[in-house]
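# return a 3D structure for these sequence lines:
(chains A and B)
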Amino acid sequence: MSRSVKIFAGSALATALATVPALSEPLGLGRAAMPDEIAAWDRTVMPDGRGLPEGGGNVFDGEDLWVDYCAACHGDFGEGMGNWPVIAGGRNTLTHDSPKKTVGSYWPYLSTVWDYTNRSMPFGAAQTLTSDEVYAIVAYILYSNDLVDDDFELTHENFTEIELPNEAGFYEDDRDDTEVPLFSGDPCMSDCRDPVQVTFRAVLLDVTPDDPAGARARAEMMGETVDHGDHDEEAATPETTREEEVQTASLDPAQVAAGAALFPRQCGTCHQVGDGARNGAGPALNGIIGATAGHADGFRYSPAITGAADDGLVWDADALHAFLEDPRSYLPRNRMSYRGMSNADDRAAIIAYLASYSD
Amino acid sequence: MTDTPHDDTHKEGPSRRAFLRGGALAAAGVGAGVGAARAATPDPLITEVQPWAQFLGDGVDVAPYGMPIRFEGDVIRRNVEWLTADTISSINFTPIHALDGTITPQGCAFERHHSGAIELSKPDYRLMLNGLVDRPLVFSYDDLERFPREQHVYFCECAANGGMEWAGAQLNGAQYTHGMVHNMEYTGVSLRTLLNEAGVKPEGSWVYAEGADAASNGRSIPLDKALDDCLVAFKANGEALRMEHGYPVRLVVPGWEANMWLKWLRRLTVTDGPVHAREETSKYTDLMPDGRARKFTFVMDAKSVITAPSPQVPIRHGAGPLVLSGLAWSGRGRITRVDVSLDGGVSWQTARIAGDAKPMALTRFYLDIDWDGSEMFLQSRCVDETGYVQPTKDALREIRGLNSIYHNNGIQTWWVKPDGEVENVEVG
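Numbering: from 1, shown residues only, chains lettered A, B, ... in the order given. Below is the predicted model of the structure:
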């Protein structure tokens, strides 16, 4: 194959290869990989379809799965929520100022879509989909990109008949030919250009993060040089913390702490709670206890949630217990990509933790 | 008798405080001069006995594994919240503006993961070699430690380092413009040794490497590179890899984009072609102005940046002796030269390279100047052993346009103002 020749041409690595010592005899370490082990881990699918398991799924089933597993981040139609990847649309935008790189507009091979969905999705519950579910979701992705009709079924047999529109849109790294010659040679040392003027200032965009940690550290040091501060600790306790302590007096602190420990991994990928909590893939959860379903301002709830709100669903502890235990059964077709929390103590801890952030 | 911790504290305290006092005066509008050191009255830090010179410090059991002293609490990784959808599939930035030398401490070396940093113990660790090999094998962690070891220092740079700056100066700090890079001394087994153990079949031409996390990120690596200098590493800077860098085992792909340095490495499959996985098609491909995209842009082009002064490290001491400190690196080999301009690229002088410049490793350079207190437009420009000269941002844009995201190695400009404040700017 020519690919590596090109990559190494003109690079220091080409000469380094000649100095690689001859390979010695194997040491006999490790053990033979068993066929079942290889099958479990090696799920690679190649662009020519090698590695695909038998099976299939249609657009119709794919849409249901998409709403359940994918829409919370990628939107109902693959349009992408927040900063999450856009999956559909974007055709003929690759030369625009803001190109949309989607499966339909950019990705070269359908195998990549199948492989990535199969191995890495849904986010936070990877490798929980069956092969047929993956086929169905990929069929829906093709449909949402206007590449197949709504009665389409994708199977291992017709898989390689699908060509993505941008397959020819890629070429191998050519920097060694197109850039290196331009960027080599004796660099200029004097009178290299006219005197300069500022044409662009980062500060005008004002998108650099503030530096609270640095500011705190510096303030701490400054404070010390001014006074040796026995009262520093007290002064540093924010008022809000005290108010929260009062509010949460009726909650079991151990339960709240347990919930605080569970929240980041169980919920924190999509939900924020506490000071400055904002809507993300899921709504902000401040004040959810006792609120009517769909309480977070500005969050685009699924019809399942808004419908339940219309029916008067209030998130009291009982309702949250039932919802968190099995979200899909409790509210079918809601968009929360979460399988459920079977342990009642864990659920109670999460609920206590959320209650500690009542409005 | 003075023990070492006391000695450190003693040296650290006054200089930091003097620095801070200068900062305080500047903040109060008194002026950015070096007030404390040139005070008209005797310095109480010298004339009065200080508490650390009277009382006792920490015992040896206080910090069995030490963290930096609290005064360095601002030298930390930081993320840019708006950059990604959440912090699980995200990246943060090495505080290169506050470090010197070349080795990046693991605790502040940038992290990038796609499904979060996972806990994978050595007893639970398995590495599989399969595909086009004579003997598909499974190794435990202990097996890996029985192969002959190698040690090398390499930089690891995300292909998107500087990616936010394509359309113009955007983030005001070297940490954010150039901090998706770290440099560590790795200990491990050469990938060549492991592939030899399994025996690569003649039709094998690529190696697909995959991680054990939920993202199961995977990348295709040409066999030539895999047999050349890749390392299956389990130690960095002398100690075990950190969880966020792939504990217990990661792949090291010297000089090539960091996405290929698979963390929590669990599988190496020899194939007859690239897999074209998600991270080598939909991402980590470089969209060009004609709407086509470069793929397999593995090597990191030569790049340099002045780390201090920089927007997060303004000049507080006023005119006079000033150290310009910076980093340079190249995925094609050694850095042979770094030039620095004080006037935005009109004229250049060659900086001093500190220590030995190692191939595909961060290299520190210094330029010691006598600053006259006037405005400067600081730039650095490196040259590597292949003769490649770091280009200007405009030269890159002429070829690549504004939408290629990755591999931005253009020359950085810092605007130093007479008051010592520094801004990320572009000049024309």
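
# can you give me the helices for the stretch 1-150 of chain B?
B:4-27, B:44-47, B:51-54, B:141-144 (DSSP state H, counting those that start in this stretch).

# comparing those by mean pLDDT, which bottoms out?
Of all these, the minimum mean pLDDT falls on helix B:4-27 (a mean of 41).

# low-confidence stretches in the stretch 251-359 of chain A?
Where the stretch 251-359 of chain A drops to pLDDT under 70, the residues are A:359.

# okay, now the residue of it found nearest chain B: neighbour count?
Distances between the stretch 251-359 of chain A and chain B by Cβ to the nearest Cβ are smallest at A:T269, namely 5.2 Å. Using the backbone N, CA and C atoms, a C-beta is placed for each residue, glycine as well. Close neighbours of A:T269, defined as other Cβ atoms under 10 Å in any protein chain shown, add up to 22.

# same check on the one 4 residues further on?
When counting by other Cβ under 10 Å, one arrives at 19 neighbours for A:V273.

# try the one 4 residues further on
A:A277 sits with 16 neighbouring residues when counted by other Cβ under 10 Å.

# dump the residue contacts of the closest residue to it other than its chain neighbours.
Take A:A277 and drop its neighbours on the chain: the residue closest to it by Cβ to Cβ, 6 or more residues apart in numbering or on different chains is A:A284, 4.2 Å away. Contact analysis of A:A284 by Cβ atoms under 8 Å, 6 or more residues apart in numbering or on different chains lists A:H271, A:Q272, A:V273, A:A277, A:R278, A:A296, A:F299.

# where's the last one relative to B:T307, distance?
If you measure A:F299 against B:T307 using Cβ to Cβ, to the nearest Å, the figure is 41 Å.

# looking at the two, which has the bigger crowd around it?
Ranked by neighbour count (other Cβ under 10 Å), A:F299 and B:T307 place B:T307 first, with 26 against 14.

# doesn't the more buried one lie inside a strand?
Yes: when DSSP: H, G, I helix; E, B strand; the rest coil is applied, B:T307 is found to be in a strand.

# need the contact list for it.
Applying Cβ under 8 Å, 6+ apart to B:T307 gives the contacts B:I96, B:H97, B:L99, B:D100, B:A174, B:H178, B:V313, B:S325, B:G326, B:L327.

# which of these fall in strands?
The strands, defined by DSSP state E, take in B:S325, B:G326, B:L327 from these.

# and chain A, which of the residues you listed reach it?
Among the ones in strands among the contacts of B:T307, no residue lies close to chain A (Cβ under 8 Å from any Cβ of the partner chain).

# can you verify my assumption that B:W329 contacts B:P359?
No: using Cβ atoms under 8 Å, B:W329 makes no contact with B:P359, being 9.8 Å away.

# neighbour count winner among the two?
B:W329 (29 against 23).

# pretty sure B:R381 is in a strand, no?
Yes: looking at B:R381 with three-state DSSP, it is inside a strand.

# I'd say it and B:G344 touch.
No: using Cβ under 8 Å, B:R381 is not in contact with B:G344; the gap is 11.7 Å.

# coming back round to it: most surrounded residue in the ones in strands among the contacts of B:T307?
Neighbour max across the ones in strands among the contacts of B:T307 (other Cβ under 10 Å) = B:L327, 27 neighbours.

# against chain A, how distant is that one?
18 Å (Cβ to the nearest Cβ, to the nearest Å).

# which residues does that residue form a beta bridge with?
B:V305, B:R364 (DSSP bridges).

# touching chain B at all, stretch A:104-120?
Yes: with Cβ under 8 Å from any Cβ as the criterion, chain B is reached by stretch A:104-120 at A:Y106, A:W107, A:P108, A:Y109, A:S111, A:T112, A:D115, A:Y116, A:R119, A:S120.

# the residues you listed in helices, which ones?
In this view, these that belong to helices under DSSP state H are A:S111, A:T112, A:D115, A:Y116, A:R119, A:S120.

# okay if I get these as TSV plus neighbour count and pLDDT?
As requested, those are exported to TSV (neighbours: other Cβ atoms under 10 Å in any protein chain shown; pLDDT from 0 to 100):
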residue	neighbour count	pLDDT
A:S111	27	98
A:T112	22	97
A:D115	26	96
A:Y116	24	96
A:R119	22	94
A:S120	21	94
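
# which residues touch the closest residue to chain A within the stretch 201-350 of chain B?
Chain A sits closest to B:G344 of the stretch 201-350 of chain B, with a gap of 3.4 Å, by Cβ to the nearest Cβ. B:G344 sits next to A:R193, A:P195, A:V196, B:F377, B:Q379, B:T413, B:V427 when contact means Cβ under 8 Å, 6+ apart.

# redo those as JSON lines? Include pLDDT, neighbour count and secondary structure.
As requested, those are exported to JSON lines (pLDDT from 0 to 100; neighbours: other Cβ atoms under 10 Å in any protein chain shown; DSSP: H, G, I helix; E, B strand; the rest coil):
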{"residue": "A:R193", "pLDDT": "96", "neighbour count": "15", "secondary structure": "coil"}
{"residue": "A:P195", "pLDDT": "95", "neighbour count": "10", "secondary structure": "coil"}
{"residue": "A:V196", "pLDDT": "95", "neighbour count": "19", "secondary structure": "coil"}
{"residue": "B:F377", "pLDDT": "98", "neighbour count": "20", "secondary structure": "strand"}
{"residue": "B:Q379", "pLDDT": "98", "neighbour count": "25", "secondary structure": "strand"}
{"residue": "B:T413", "pLDDT": "98", "neighbour count": "26", "secondary structure": "strand"}
{"residue": "B:V427", "pLDDT": "96", "neighbour count": "22", "secondary structure": "strand"}
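
# can you map out the strands along chain A?
Using DSSP E, the strands assigned to chain A run over residues A:31-32, A:56-58, A:153-155, A:170-172, A:198-201.

# can you redo those as a markdown table with distance to chain B?
Below are the strands of chain A laid out as a markdown table (distance: least, Cβ to the nearest Cβ, whole Å):
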| stretch | distance to chain B |
| --- | --- |
| strand A:31-32 | 6 |
| strand A:56-58 | 20 |
| strand A:153-155 | 18 |
| strand A:170-172 | 5 |
| strand A:198-201 | 4 |
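
# out of these, the one nearest B:M288 is which?
Closest to B:M288 of these, according to Cβ to Cβ: strand A:170-172, at 8.9 Å.

# so how far is the closest one off the chain centroid?
How far strand A:170-172 lies from its chain's middle: 27 Å, per Cα atoms, centre = their mean, to the nearest Å.
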